[in-house]
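My questions concern the predicted model and sequence given below.
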Amino acid sequence: MADKLIVKIYSSPDCPYCYVVKDYLTQKGIEFEEIDLYEQLEKRQEMEKISKQKNIPVLIINKEVVIGWHKEKIDEALKKYEAI
Amino acid sequence: MKQYDLIIIGGGPAGITAGIYAARKKLKTLLITKEFLGQVGLSWRIENYPGFPRINGRDLLKSFCGHLIQNEVEIKNYEEALRIEELETGFKIKTKENEFNSLAIIIATGAMPKKLDIKNEDKFIGQGISYCLTCDEKSFEGKKVAVIGGGNAGAEAAIELLKFASEIYLLEYLENLTCDEILKEEIDSQPKIQVITGAEVLSFEGGEELKKIVYKKRKTGESKEIDIDGCFVEIGTKPNTDLVKGLIDLNEKGEIIGNPKTMETSKKGIFAAGDVWDFDYKQIVLATGQGALAALSASSYVKSSKS
């Protein structure tokens, strides 16, 4: 059986690629938790530690990390957990 | 297989405008796009699009999309056109998921930010280097940041960074900034922005993270360094024309060449508009104008093909 899907996105309100990723997930019917790095400054370190870099968006799909807007990589990770 | 009069490839200002015009001409139209974004969606401040004295790119794009969906245009979002094949009449477009036939095509695939292609550029992406100001500016709060490129995008980036960075260096390859005069004035009035012109950036240096930019003064050949924490590269764009390489004529920069009176390319039935087209002034208002022109020309072409 596939793991329970936990999806998180580290984003900011001015980040255009973040909106594209969020819209894509919504279109796929994937629920996600959004961590707004403008609102929650303290979460930036956590994001940098997980993704080993500083740029956003960073998408976490269970143990998979996708940096930036990459449809194929997102699909791959979602398929791995049988979410699509 | 679904047959269309017109397939528009691209979801930026040119493609969206072409969609609106094509729908009003009652063409059976499909718009395929990897995403609705384009260079406009990456702009943090737009002050030269009529009707919108100051707007950010995302809001302007949202407004364009809202207008598009009021028209009869079928949309395939998050789908990438991978191949165009010529048929006896019209063309076949293949995406990963589908195949579509169309009498005419408008290529409005836009452009992507250009990289410098210098030493350690890839190494420091995400470790200080970013190509998306609005995404990553906040991570440089209180830090020293460089912007490479003295055109409008670079100048606007430097001004936007005043909100966050402690010191800003604006580096330009030419001997003068090439941005609009109004931006030059704003930059000159900001003591936090240091302008360095005639600078050829040679490499990025640091350990895990970016620490320095090395550049050469082009006039003297003297090599110099600046200590920095971050860098935004704003040196223009590269056209997204891989899809049509070998099918239609391109210039040496990879931009589509053709007839600017009709936006028709070297291949009959294929039109193009926006940042993929061979013209110097990549502006939203010009992209929308070209999108309209391409759609009107495509409409005439489709009608004459059918008659």
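Everything's here; your move.

can you give me the helices for the chain?
Unless you meant another one, I'm taking chain A. Along chain A, the segments classed as helices by DSSP state H run A:16-27, A:43-51, A:71-80.

wait, chain B
Taking DSSP H as the criterion, chain B carries its helices at B:13-24, B:57-68, B:133-136, B:152-161, B:181-188, B:284-306.

Contacts for the fourth one next, please.
Counting contacts by CB atoms under 8 Å, 6 or more residues apart in numbering or on different chains, the residues outside helix B:152-161 that touch it are B:43-45, B:133, B:137, B:140, B:145, B:147-149, B:168, B:170, B:172, B:177, B:179-180, B:183-184, B:186-187, B:190, B:193, B:232, B:234-236. Any C-beta I mention is one placed from the backbone N, CA and C, and that applies to glycine too.

My guess is residue A:10 contacts residue A:54. True?
No: in this structure residue A:10 lies outside contact range of residue A:54 using CB atoms under 8 Å: 10.5 Å.

Those two - which one has more neighbours?
The residue with more neighbours, out of residue A:10 and residue A:54, is residue A:10; 25 against 22, by other CB atoms under 10 Å in any protein chain shown.

Any idea what the more buried one is bridged to?
In this structure, residue A:10 bridges to residue A:35, residue A:58 when assessed by DSSP bridges.

Contact partners for it?
A:35, A:37, A:43, A:47, A:51, A:56-60.

can you tell me which of these lies nearest to chain B?
Minimum separation from chain B among the contacts of residue A:10 (CB to the nearest CB) is found for residue A:56, which lies at 5.3 Å.

and that closest one, how many neighbours does it have?
As a burial measure, residue A:56 scores 28 neighbours (other CB under 10 Å).

List the contacts of it.
Counting by CB under 8 Å, 6+ apart, residue A:56 makes contact with A:10-12, A:15, A:17-18, A:37, A:47, B:135-136.

possible to save the residues you listed as a markdown table with pLDDT and distance to residue B:240?
A markdown table is the format used below for the contacts of residue A:56 (pLDDT from 0 to 100; distance: CB to CB, whole Å):
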| residue | pLDDT | distance to residue B:240 |
| --- | --- | --- |
| A:10 | 97 | 27 |
| A:11 | 96 | 25 |
| A:12 | 93 | 26 |
| A:15 | 91 | 21 |
| A:17 | 93 | 16 |
| A:18 | 95 | 21 |
| A:37 | 94 | 29 |
| A:47 | 96 | 29 |
| B:135 | 90 | 20 |
| B:136 | 92 | 22 |
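
Test for you: state the pLDDT assigned to the residue of chain B found nearest chain A.
Scanning chain B for the residue nearest chain A gives residue B:126, at 3.0 Å (criterion: CB to the nearest CB). The predicted structure scores residue B:126 at 94 on the pLDDT scale.

Number of residues surrounding it?
Other residues near residue B:126 come to 21 when the count uses other CB under 10 Å.

again, but for residue B:7
29.

and the residue nearest to it when sequence neighbours are not counted, bridged to which residues?
With sequence-adjacent residues excluded and distances taken as CB to CB, 6 or more residues apart in numbering or on different chains, residue B:7 is closest to residue B:102, at 4.0 Å. Here residue B:102 sits in beta bridges with residue B:4, residue B:91, as judged by DSSP bridges.
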